[in-house]
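Q: can't give you the sequence, but here's the structure:
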């Protein structure tokens, strides 16, 4: 089957066309933080520049959260997740706090690599998500992001650009479809 | 009357609903316009995307081989399917080996094209579509009417009634927030129970052997990260050469589809999770044949954003189901004749050739030009309907002789001025069934020109 398909492609493909070079596109705005915040607002992302630290953010934004997974913040974490944690534990997570590697100003997307998310399903199955990003890790656009990310390093990688959402019923926007119901980004 | 015209006539019989459908889609189109206008290099990105896809199509065999080798090195099992049947068989074989009973599936137009669900259901597998719109139409036992917004044709009352019956929601509660919450609870329990998960693929990278899946709901990831078996089905044209090209395509896709700066989740699957299996199925199903058609191969560049549907004056007013094809709208009308010219020969005529589809296409497919070329092909093969043939022959004769044309114009102007309506709009006038003639001018252009410009 494989050879049959490849053979037909060889017969039918047009003459080789060159691969274009992607130019360096200038940032859409000079102030990346301001741009990120503005786009994030449109995607229902709460952005905080928290000086007091992540503990305060959690206490203020998610006072109800009990099952908290925060591998980088032992003082916050109430549940430790491992590769063996059963589904029953995963599906009861109220809040997940992770450190993002990169943020993109033009679309408020944040890059999470597998190593930091512990289990691939965590950023989806959690009820709420907090991502912490150092401001110096903000990039202007997706070209800059893909230039810095090495996809082959890890088994899975993810851009998250907001809480899970849908508009499948009459184009009415509903936040919290299958994944996290809210996303808070803490810029440090 | 063509099949599309018949089905469209049913759709527009409900005028307020047609207007509502039209406005819903136009709203998405305007969001797309705002998103596109916010990126100064938008036109440059479209050209880049189109050029990258040109390179892909001209080197598809090598890229597929490179992709396969990389994916295998990553521990992924790669399968090749020459047609829909082969694809379905591969999926079933994988499921059977794992004794899988329940499979969750995220949106995949390819599996619609292959009619995977009925194939698996006949063999005792329960398939649950997990995109909200897809779940709605699956419960209604309808095909999608749009590739990005599968349930765009339905009103909230209809979804409310459906959920009341299927998911035991409160009677008369049609609030989208409430209904979405009910679907969330229902689907979360399905994700937990699934033995396998299947997704479509937005982009497959030859350089890395990985695939990229874009969703807003997060349903594709809920599925594949929980189930022990992960399957990605992709058309062979979904290949892109390198990871850097994702920069171009992710900037275009979300903005073109719904006016979002990017889809909420852009998931990059590289290797299976420890202890689980990851499969990628490369599906041809007519694509390698299509590649050989010079006039039509550009349509293989499509990234399935749906922008051409949202802007199309015919699609907006006739609904996706009138096209009777997995991919409806302008792009569907140029893709479908490749697989079955006979069955879909009416679709290239379901267009005004206004060209708006080509203007919004993020990979610059010459959609309206291909529609016109398909019309010529179809007439070559099938001929024209007798009435159209007579009318065009007559027109040809009149236009060939200036004197005859002048007289005909004179007669028509005077006839239309005095003739009662039934004499103009009757069974013989196919064209006038759904159209009104413009007001008759007082004089011919020739006369006007003589008076005003010749001096």
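A: Perfect, thanks for sending it. This structure is a prediction, so every number in the text was calculated from the model and none was measured.

Q: residues touching residue A:104, list them.
A: By C-beta atoms under 8 Å, 6 or more residues apart in numbering or on different chains, the contact set of residue A:104 is A:36, A:110, A:111, A:138, A:139, A:140, A:141, A:142, A:144, A:145, A:159, B:262. (Each C-beta comes from the backbone N, C-alpha and C, glycine too.)

Q: beta partners of it?
A: Counting by DSSP bridges, residue A:104 is bridged to residue A:109, residue A:139.

Q: If you tally nearby residues, what's the number for residue 32?
A: Picked chain A for this. Per other C-beta atoms under 10 Å in any protein chain shown, the neighbour tally for residue A:32 reads 19.

Q: try chain B instead
A: If we define neighbours as other C-beta under 10 Å, then residue B:32 has 24 of them.

Q: How about the contacts made by the residue lying closest to it once chain neighbours are set aside?
A: Of all residues beyond its chain neighbours, the one nearest residue B:32 is residue B:259 (4.7 Å), with distances taken as C-beta to C-beta, 6 or more residues apart in numbering or on different chains. For residue B:259, the contacting residues are B:28, B:30, B:31, B:32, B:33, B:34, B:35, by C-beta under 8 Å, 6+ apart.

Q: Residue B:63 and residue B:241 touch, don't they?
A: Yes. Residue B:63 lies in contact with residue B:241 (C-beta atoms under 8 Å); the separation is 6.2 Å.

Q: Find residues that contact each of these two.
A: Shared contacts of residue B:63 and residue B:241 (C-beta under 8 Å, 6+ apart): B:56, B:206.

Q: So these two - more neighbours on which side?
A: With neighbours defined as other C-beta under 10 Å, residue B:63 and residue B:241 compare such that residue B:63 has more, 22 against 18.

Q: Please give the element, helix or strand, for the more buried one.
A: helix B:60-73 (DSSP states H and E).

Q: Return the set of buried residues in that helix.
A: B:60, B:61, B:62, B:63, B:64, B:66, B:67, B:68, B:70, B:71 (16 or more other C-beta atoms under 10 Å in any protein chain shown).

Q: With adjacent residues omitted, what lies nearest to residue B:430?
A: residue B:387 is the one closest to residue B:430 (C-beta to C-beta, 6+ apart), at 5.5 Å.

Q: starting at the chain centroid, how far to the strand or helix carrying that neighbour?
A: In this assignment (DSSP H and E), residue B:387 forms part of helix B:386-400. Helix B:386-400 sits 34 Å away from the centroid of its parent chain (C-alpha atoms, centre = their mean, to the nearest Å).

Q: so the next helix-or-strand element following it versus helix B:386-400, what angle?
A: The helix or strand immediately downstream of helix B:386-400 is helix B:402-418, counting by DSSP H and E. Helix B:402-418 runs at 120 degrees relative to helix B:386-400, counting by axes from the mean of the first three to the mean of the last three C-alpha atoms, to 10 degrees.

Q: and residue A:101, how many neighbours?
A: For residue A:101, the neighbour count with other C-beta under 10 Å is 19.

Q: So what's the residue count around the nearest residue to residue B:432 once chain neighbours are set aside?
A: Counting by C-beta to C-beta, 6+ apart, residue B:432 lies nearest to residue B:425, which is 4.5 Å off, once chain neighbours are set aside. Neighbour count for residue B:425, taken as other C-beta under 10 Å: 16.

Q: thought residue B:425 was touching residue B:434?
A: No. In this structure residue B:425 lies outside contact range of residue B:434 using C-beta under 8 Å: 10.4 Å.

Q: residues near residue B:317, how many?
A: Neighbour tally, residue B:317, other C-beta under 10 Å: 16.

Q: What of the one 3 residues further on?
A: Other residues within reach of residue B:320 by the criterion other C-beta under 10 Å amount to 27.

Q: my guess is it contacts residue B:152, does it?
A: Yes. Judged on C-beta under 8 Å, residue B:320 makes contact with residue B:152 at a distance of 7.3 Å.

Q: which residues are common contacts for the two?
A: Counting by C-beta under 8 Å, 6+ apart, the residues touching both residue B:320 and residue B:152 are B:145, B:146.

Q: Could you state which residue of chain A sits nearest its centroid?
A: The structure's chain A has its C-alpha centroid closest to residue A:160; by C-alpha atoms, centre = their mean the separation is 2.5 Å.

Q: Quick check: the closest residue to it other than its chain neighbours vs residue A:183, distance?
A: Counting by C-beta to C-beta, 6+ apart, residue A:160 lies nearest to residue A:110, which is 5.3 Å off, once chain neighbours are set aside. Separation of residue A:110 from residue A:183 (C-beta to C-beta, to the nearest Å): 9 Å.

Q: Enumerate every residue touching residue 112.
A: Picking chain A for this. A:98, A:100, A:101, A:123, A:131, A:157, A:158, A:159, A:160 are the contacts of residue A:112 under C-beta under 8 Å, 6+ apart.

Q: try again with chain B
A: Residues in contact with residue B:112 (C-beta under 8 Å, 6+ apart) are B:143, B:144, B:326.

Q: Which residues lie in contact with residue 5 in this structure?
A: Just so you know, I chose chain A. By C-beta under 8 Å, 6+ apart, the neighbours of residue A:5 are B:64, B:80, B:82, B:236, B:282, B:284, B:288.

Q: I was thinking of chain B, sorry if that wasn't clear
A: Contacts for residue B:5 (C-beta under 8 Å, 6+ apart) come out as B:346, B:350.

Q: Give the next helix or strand downstream of whatever helix or strand it lives in.
A: According to DSSP H and E, residue B:5 maps onto helix B:3-12. For helix B:3-12, the following helix or strand on the C-terminal side (DSSP H and E) is helix B:15-37.

Q: burial measure for residue B:453, as a count.
A: Neighbours of residue B:453 (other C-beta under 10 Å): 7.

Q: ok, back up a step: now the helix holding residue B:5 against helix B:15-37, angle please.
A: Orientation check (the same axes, to 10 degrees): helix B:3-12 against helix B:15-37 gives 110 degrees.

Q: hmm, back to that, can you tell me which of the contacts of residue A:112 are in helices?
A: Among those, the members falling in helices (DSSP state H) are residue A:123.

Q: Turn the contacts of residue A:112 into CSV, including distance to residue A:174 and pLDDT.
A: Below are the contacts of residue A:112 laid out as CSV (distance: C-beta to C-beta, whole Å; pLDDT from 0 to 100):
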residue, distance to residue A:174, pLDDT
A:98, 24, 97
A:100, 25, 97
A:101, 29, 97
A:123, 19, 98
A:131, 22, 97
A:157, 27, 97
A:158, 22, 98
A:159, 21, 98
A:160, 18, 98
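
Q: which of the contacts of residue A:112 has the most neighbours?
A: When neighbours are counted by other C-beta under 10 Å, residue A:160 leads the contacts of residue A:112 with 30 neighbours.

Q: Residue A:183 is in contact with that residue, correct?
A: Yes. Contact criterion C-beta under 8 Å: residue A:160 and residue A:183 qualify, at 6.8 Å.

Q: Now do the strands in the chain.
A: No chain specified, so I'll use chain A. Here chain A has its strands, by DSSP state E, at A:45-49, A:68-69, A:95-99, A:102-104, A:109-113, A:128-133, A:138-139, A:156-160, A:165-166, A:174-175, A:182-187.

Q: Actually, chain B is the one I wanted.
A: B:77-81, B:102-105, B:126-129, B:196-199, B:203-205, B:210-215, B:229-235, B:239-240, B:265-269, B:277-283.

Q: Of the ones you listed, which stretch is the most buried?
A: The highest mean neighbour count among the strands of chain B, using mean count of other C-beta atoms under 10 Å in any protein chain shown, belongs to strand B:196-199: a mean of 27.
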